[in-house]
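Q: build me a model from this:
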Amino acid sequence: MPRLFTGLEIPPDLGFALSLKRGGLTGARWIDPENYHITLRFIGDIDAQTANDVVDSLDRLSNSLRFLVRLTHLGSFGGDKPRALFAGVEPSEALSRLQSAQERVLQRAGLEPEGRRFVPHVTLARLRGTSAEELARFIAEAAMFEPLSFVPARFVLYSSRESTGGGPYVVEETYPLSS
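A: Here you go, the predicted structure:
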């Protein structure tokens, strides 16, 4: 299997609303709306047996409860050398619980612990050569960010090919969330 990660899909209507933020930022490689997602756990390149263990392990979490996800602001990663523009997710205990549960079962399946702190977000663009000042101006001009909300019905196991940012992503498995 190719490179794997788990995530939440962004509904098409929210993807369209987020796509309206596209344009006007030097050095931005905009992500296609159909590839918008919230990464829960990056898994990486693994062998077929480990991939099967991952699928089985995640299946145990399909009884997790549904919850509200709110996208509330624009932000960036990279500080003085910005590398990504994102829509930030409001902190949620339920989202954190789902992500932590995935982390636990994936470690039991033999994966190394995730090295980065969980910061839920939807990447809108990968940046190269964008100055921090230009990005700050872009975010300030796009400041009218009406919060966007949805209740995910499932989480998914995605695969991707190594590429220059932003997909295409393929849904390999789906795991329903309970009402």
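
Q: so where does the spatially most central residue of the chain fall, helix or strand?
A: Central residue check for the chain by C-alpha atoms, centre = their mean: the C-alpha nearest the mean position is that of residue 38, 2.3 Å away. Using DSSP states H and E, residue 38 maps to strand 37-44.

Q: could you give the average pLDDT over that strand?
A: The average of the pLDDT scores along strand 37-44 is 96.

Q: for stretch 64-82, same thing?
A: 94.

Q: what do you get for stretch 86-97?
A: Averaging the model's pLDDT scores along stretch 86-97 yields 96.

Q: buried residues in it?
A: 86-89, 95 (16 or more other C-beta atoms under 10 Å). Every residue, glycine included, has its C-beta placed from N, CA and C.

Q: how about residue 88, what does it touch?
A: The contact partners of residue 88, by C-beta atoms under 8 Å, 6 or more residues apart in numbering, come to 71-75, 120-121.

Q: of those residues - the most surrounded one?
A: Neighbours here are counted as other C-beta atoms under 10 Å. On that basis the top member of the contacts of residue 88 is residue 71, with 25 neighbours.

Q: now that residue: which helix or strand?
A: Taking DSSP H and E as the definition, one finds residue 71 inside strand 69-77.

Q: now the end-to-end length of stretch 131-149.
A: The stretch stretch 131-149 measures 30 Å between its terminal residues, going by C-alpha to C-alpha, to the nearest Å.

Q: show me what it is in contact with.
A: 14, 17-18, 21, 24-26, 68-76, 79-82, 85, 87, 90, 127.

Q: show me which positions of that stretch end up buried.
A: By 16+ other C-beta under 10 Å, the buried positions in stretch 131-149 come out as 134-135, 138-139, 145, 148.

Q: tell me which of the residues you listed is nearest to residue 49?
A: Checking the buried residues of stretch 131-149 against residue 49 with C-beta to C-beta, the nearest one is residue 148 at 39.1 Å.
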